[in-house]
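Engineer: Turn this into a structure:
(chains A, B and C)
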Amino acid sequence: MSTETKKYPVGMHPALPPPSGSVGPVRWMRDNLFSSVSNTVLTFLGLYIIYLVVPPFIEWAFIDSVVLGAESRKECLKIMGEDRGACWSFVYHRWGQFVYGFYPMEERWRVDVSFVLTALTIAIVLVEKLRAIKAVLIAAILFPVISFFLITGGSFGLAEVPTNKWGGILLTFIVGLTGIFVSLPIAIVLALSRISKLPIFSFFATIFIEFIRGVPLITLLFIASTLLSYFLPPGSNFDLLLRVLIMVTIFSAAYIAEVIRGGLAAIPTGQYEAADALGLSYWQSMRLIILPQALKISIPGIVGSFIGLFKDTTLVVIIGLLDPLGIGMAAIATTDWAGLSTELYVFIGVFFFIFCFGMSRYSLHLEKKLNTGHKQ
Amino acid sequence: MKKLLPIAVSLAALTAMNVSAGTLEDVQKRGVLKCGVSTGLAGFATPNDAGKWEGLDVDLCRAVAAAALGDAEKVEYVPLTSKVRFEVLKSGEIDVLSRVTTWTFTRDNSLGLNFAGVNYYDGQGFMVPKALGVTSAKELDGASICIQTGTTTELNAAEYFKLNGMTYEPVPVETSSEGRANYIAGRCDVYTTDASALAAQRSVFEDPTAHVVLPEIISKEPLGPVVRHGDDQWFDIVKWSHNAMLVAEELGIDSKNLDERGANANDPAAQGLLGTNTSKLGEMLGLDKKWAYNIIKQVGNYSESFERNVGKDTALKLDRGLNALWTNGGIQYAPPIK
Amino acid sequence: MSGTQVQENKTVTLGSLWRDKKTRGMILQIFAVIGILIFIGIIISNTVENLDRLGVKVGFDFLSEPANYDINQTLISYDSSDSHFRAALVGLLNTLLVAGCGIVVATIFGFTAGVLRLSNNFVLNRLMQVYVEVTRNIPVLLQILLWHGIIINSLPVPKKAEALVEGVFMTNRGVFLPQPIPQEGFGWVWIALLVGIVFAVFFKRYANKVQMQTGKLLPAIWIGATAIIGLPVLTFLALGSPLEVSYPALKGFNFKGGFVVKPEFMALWFALSIYTGAFIAEIVRAGIQSVSHGQTEAAHALGIRPNFTMRLVVIPQALRVIIPPLISQYLNLTKNSSLAIAIGYMDLVATIGGISLNQTGRALESMGIVLGVYLFISIVISALMNVYNKRVALVSR
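Structural biologist: Have a look, this model is predicted:
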């Protein structure tokens, strides 16, 4: 090939490729990693931190770890020898407890069915194509009811399983899901009361919301576990889990009410006025005009509250309910597995991370989708 | 707010249905005794591999169930932390609290509770790693001490160190497993709690011989079952269920020879206890004639229960010591069942 | 006409009352008040009856009785013979201490991570993203337990600890530091510091005035800093260093002397700072992004230099968006500090709401105090926030 350049008429020369330094990885690195001295230093600092944290963690959690073949921590250590990695065997051995708590072995299929139903319900609510089918929406109401009867038992020929046998991931889901779904309608009523023009309603709603939001959840749980019985008719008492559920519901209702109030405040006054002009009653205008818009705006915030609530379910361990953390603490209190606290916390942490991270991604996705051109 | 009211009202209506008349009646209607126990203390209350609860405190629950229901197995165990136990008892969630609970003046008088006896005479001690080379609690000046909160233990420790002019760093822990974790990690030099519980804790260490319990016992800890104020009949039932086990040991009646002893017409004391003659002791408690028979048949006498759970052949290896009968140099002394 | 009016007046039925918006509102409110009063009444009568049945009396007299238990971290002098009230105070101060320290560090973490998240340095912004996502999505209780476990298991016991620098020991019973003990005359150093600060403030004002009038920039920050640091140091030296340092030394079981940061405090402090820092990072990022790009461009067009653009144009506008959610994160951190109970840090919930409650059996009163204190803190903070919001509210046409 000759290096002789081809003659082009003036102005007809095709565009040359950009100079090699201004495109491709080199340019990218110069822009993003080494644009200045301080930037270069920070880049190396960042890489050093990654080097400090990531390889040892991977080594500990995966390469040097033991999952199978050990019946106790001692055996774990024996298998590992010099390289001290994680001993995941206790998770493997107590997997059943982590998922079901002390739910009787022969009845666990009921929980499994409920898990499947819950997954279906969530899929129906989340996936758009399925949501369109009206009949499926009914299932979304029916499935939780079925799950309730399945898990509690005591009817339809199923043996009753007392709530103190519930535990593990089952318990986390029960507390989290009940909390969010029951609190939603309460939260709507609270939010509407708070912005209501009727002073009594807004007064009480404000007091209630601010009280609940002003105190830590753990104190409310203490009240549920110890003090609530003072407020009930003498001699009566009801299930601890039910009391906890009530407290968790009230707690999350107060937070979600504030999210919805934010959504309501974002609706332009024109919308309210238009509804009035059409002669709609208060409830009609709320149901048909205001709430659909306000709730749509609030969805990311509501999902955020749900993530918070889901994480907060770990607090029930402090009042003695056996969520996955409680189950794990009981496991590492035994002679066999004593001393595995780091493994336990990392395991539970990963479990929560998967769910919470998933939900927050979904919320971002929703935010983008719902952002239908009202903003510039 | 508006939404809460109907919920509260319906809950009130729901719960109002099981308003209690008397604890015994409630228990019999329910068919099961609700008994508050430790969340897991070897020898006193701990679930075994099969999930069945065992221990000295558990045996007391079983005895009460045997007396009230005729079946020692009809017990629902409610594991409680030391922090919530009294509130849970007061709320009526459990019928009797049998959870290594120390009988003190304040608890008996200001908490609205009644102590129904002493099923284990204990005292607070100190456990240290042998490697520390400490031989007496008097040498513990400046040490860090793991103490379970919500118990008399922390009061005793404060008093003892103050009295002896020593300082210490309290490391409060919530549960015994948390305490063990702190102690093994070296967060504290010393673990203090009731001597019996120290023996229990030590028994689950990897190497129990590497730890010693110091000779000083710094407090009186009479541990016993607790009931609510205001139901004297139930109080009596719990009290005498415990006493029946002691009296049975005193009379030499155990779960093996009781049928034989009960049939012996020349043994009125045994017959009265076992309900095999015309005496109406059970009736006086509002119970079946065979109340004590059921206890001894299904749970055993005090000695049997002690040896099975905490005695020489168990991991705890506790002596009878103070808990021997008064006839054997101890202070376990039950009023006569007559 | 008049006839029909009379008729209407006659037939004021319940139905017509209900259709009238105002009356209906009144009726609803009256019902709500009655309902709530009945609800409260039921609760109170139940409580009274329950307390009566148990023979428990209610009152706050127990607060003056001796607490009889010891606390391992006390900011004010406390002894087991002090009252329950003082124990509660110690707990409250411990809560405020960890919340205060946590807020400072969380803010530093949050602003750093938030700004770096927007930097065009790929490694750093991804690293910050990982930090934010991981810590935000793991329950804070777990993080507290994890840090506590790491500290007590990986640091050496006092007997095996070696000094990092002279007088600094890292052990699993805490970090021991040399403690400066002010001697007589040290008060003057504080006064000098105060004078320095007052001078710096006034000089800054003067510098602003000069800048407004002449456009000349005085190095106010440097001069101010010199005054704040220099004056106390000079006074200190002039007085012949009236300060003694107490070094920690191993005596018996533990280090004596010096200043100790307990592992429980460290675990709680780290965990809360890191957790809340992640939330603050997101708030800061959103705040900076909320300032429209036109503002920056306008500033550039006016010839304002980039770091001044950030300081004078972007940050003030971003702060208006950042501060309200930031304050609510501070509140969350304070409330989350109640999880101290899981690792035995003696905060408000662990003292009055824990041990005192248990020893005296005064559950209603003790929990009432705990709730009251948290409510008071949050009401004060929200009140301050409202004042701020009013001050920075956009005056829109």
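
Engineer: Please enumerate the helices of the stretch 51-200 of chain C.
Structural biologist: Remark: helices assigned in the stretch 51-200 of chain C by DSSP state H, counting those that start in this stretch are C:84-117, C:122-136, C:140-154, C:187-214.

Engineer: meant to ask about the stretch 201-338 of chain B, not that
Structural biologist: B:232-251, B:258-263, B:268-274, B:281-285, B:291-298, B:302-309.

Engineer: Between the ones you listed, which one is closest to A:Val37.
Structural biologist: Closest to A:Val37 of the helices of the stretch 201-338 of chain B is helix B:302-309 (C-beta to C-beta; 72.5 Å). For glycine as for every other residue, the C-beta is placed from the backbone atoms N, C-alpha and C.

Engineer: What is that closest one packed up against?
Structural biologist: Judged by 3 or more C-beta pairs under 8 Å, 6 or more residues apart in numbering or on different chains; DSSP states H and E, the packing partners of helix B:302-309 are helix B:56-69, helix B:232-251.

Engineer: Just name the most buried of those.
Structural biologist: Greatest average neighbour count among those goes to helix B:56-69 (a mean of 28), per mean count of other C-beta atoms under 10 Å in any protein chain shown.

Engineer: neighbours of residue 352, just the number please.
Structural biologist: You didn't pick a chain, so chain A it is. When neighbours are counted by other C-beta atoms under 10 Å in any protein chain shown, A:Phe352 registers 21.

Engineer: I was thinking of chain C, sorry if that wasn't clear
Structural biologist: For C:Ile352, using other C-beta under 10 Å, the count is 29.

Engineer: How about the contacts made by it?
Structural biologist: Applying C-beta atoms under 8 Å, 6 or more residues apart in numbering or on different chains, one finds that C:Ile352 lies in contact with C:His84, C:Ala87, C:Ala88, C:Gly91, C:Ser366, C:Ile369, C:Val370.

Engineer: for chain A, what are the nearby residues on the stretch 251-397 of chain C?
Structural biologist: Neighbours of chain A within the stretch 251-397 of chain C, by C-beta under 8 Å from any C-beta of the partner chain: C:335-336, C:338-339, C:341-342, C:349, C:353, C:363-364, C:367, C:370-371, C:374-375, C:377-379, C:382.

Engineer: now the strands for the stretch 51-200 of chain B?
Structural biologist: B:53-54, B:75-80, B:96-97, B:113-115, B:120-122, B:124-129, B:143-148, B:168-173, B:190-194 (DSSP state E, counting those that start in this stretch).

Engineer: TSV for these, including mean pLDDT and mean neighbour count?
Structural biologist: Output for the strands of the stretch 51-200 of chain B, formatted as TSV (pLDDT from 0 to 100; neighbours: other C-beta atoms under 10 Å in any protein chain shown):
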stretch	mean pLDDT	mean neighbour count
strand B:53-54	88	20
strand B:75-80	88	20
strand B:96-97	95	28
strand B:113-115	93	22
strand B:120-122	93	22
strand B:124-129	93	23
strand B:143-148	90	24
strand B:168-173	91	24
strand B:190-194	91	27
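
Engineer: Looking at those, which is nearest to A:Gln97?
Structural biologist: strand B:75-80 (14.8 Å).

Engineer: burial count for the residue nearest to B:Ala315 when sequence neighbours are not counted?
Structural biologist: Take B:Ala315 and drop its neighbours on the chain: the residue closest to it by C-beta to C-beta, 6 or more residues apart in numbering or on different chains is B:Ser203, 3.8 Å away. Using other C-beta under 10 Å, B:Ser203 has 15 other residues around it.

Engineer: show me what contacts B:Ser203?
Structural biologist: By C-beta under 8 Å, 6+ apart, B:Ser203 lies in contact with B:Ala42, B:Gly43, B:Ala315, B:Leu316, B:Lys317.

Engineer: residue contacts, the second one?
Structural biologist: Pointing back at B:Gly43 there. B:Gly43 neighbours (C-beta under 8 Å, 6+ apart): B:Gly55, B:Leu56, B:Ser196, B:Ala199, B:Ala200, B:Ser203, B:Asn309, B:Val310, B:Thr314, B:Ala315, B:Leu316, B:Leu318.

Engineer: I figured A:Pro124 was touching A:Ile138, is that so?
Structural biologist: Careful, residue A:124 is Ile; it's not Pro. No: look at A:Ile124 against A:Ile138 with C-beta atoms under 8 Å: they stay out of range, at 10.0 Å.

Engineer: And residue 56, what's its pLDDT?
Structural biologist: Going with chain A. The model reports A:Pro56 with a pLDDT of 90.

Engineer: Hmm, no, I was thinking of chain C.
Structural biologist: 73.

Engineer: Run a quick neighbour tally on the closest residue in space to it that isn't next to it in sequence.
Structural biologist: Nearest residue to C:Val56, sequence neighbours excluded (C-beta to C-beta, 6+ apart): B:Gly112, at 4.8 Å. Using other C-beta under 10 Å, the number of residues around B:Gly112 comes to 21.

Engineer: so how far is C:Pro263 from B:Gly112?
Structural biologist: 38 Å (C-beta to C-beta, to the nearest Å).

Engineer: if we can go back for a sec, and the helices and strands packed on helix B:302-309: which comes nearest A:Leu227?
Structural biologist: Per C-beta to C-beta, nearest to A:Leu227 of the helices and strands packed on helix B:302-309: helix B:232-251, 23.6 Å.

Engineer: Now find how far off-centre the closest one is within its chain.
Structural biologist: 14 Å (C-alpha atoms, centre = their mean, to the nearest Å).

Engineer: Then stretch A:309-322?
Structural biologist: Relative to its parent chain, stretch A:309-322 has a centroid offset of 14 Å by C-alpha atoms, centre = their mean.

Engineer: Between its first and last residues, how far does it reach?
Structural biologist: Terminal residues of stretch A:309-322 are spaced 17 Å apart (C-alpha to C-alpha, to the nearest Å).

Engineer: ok, it near chain B or not?
Structural biologist: Yes: using C-beta under 8 Å from any C-beta, stretch A:309-322 reaches chain B at A:Ile319, A:Gly320.

Engineer: is any part of that stretch close to chain C?
Structural biologist: Yes: applying C-beta under 8 Å from any C-beta, one finds stretch A:309-322 touching chain C at A:Lys311, A:Asp312, A:Thr313, A:Thr314, A:Leu315, A:Val317, A:Ile318.

Engineer: So which of those residues belong to helices?
Structural biologist: Those of the residues of stretch A:309-322 next to chain C mapping onto helices are A:Lys311, A:Asp312, per DSSP state H.

Engineer: So which of the residues of stretch A:309-322 next to chain C sits lowest on pLDDT?
Structural biologist: Within those, pLDDT is lowest for A:Ile318, at 83.

Engineer: hang on, isn't it packed against C:Ala340?
Structural biologist: No: A:Ile318 is beyond contact range of C:Ala340, at 10.9 Å (criterion: C-beta under 8 Å).

Engineer: So if I had to pick from those two, which one is more boxed in?
Structural biologist: Legend: neighbour count by other C-beta under 10 Å for A:Ile318 and C:Ala340, higher for C:Ala340 (26 against 23).

Engineer: Am I right that the more buried one is in a helix?
Structural biologist: Yes: assessed with DSSP: H, G, I helix; E, B strand; the rest coil, C:Ala340 lies in a helix.
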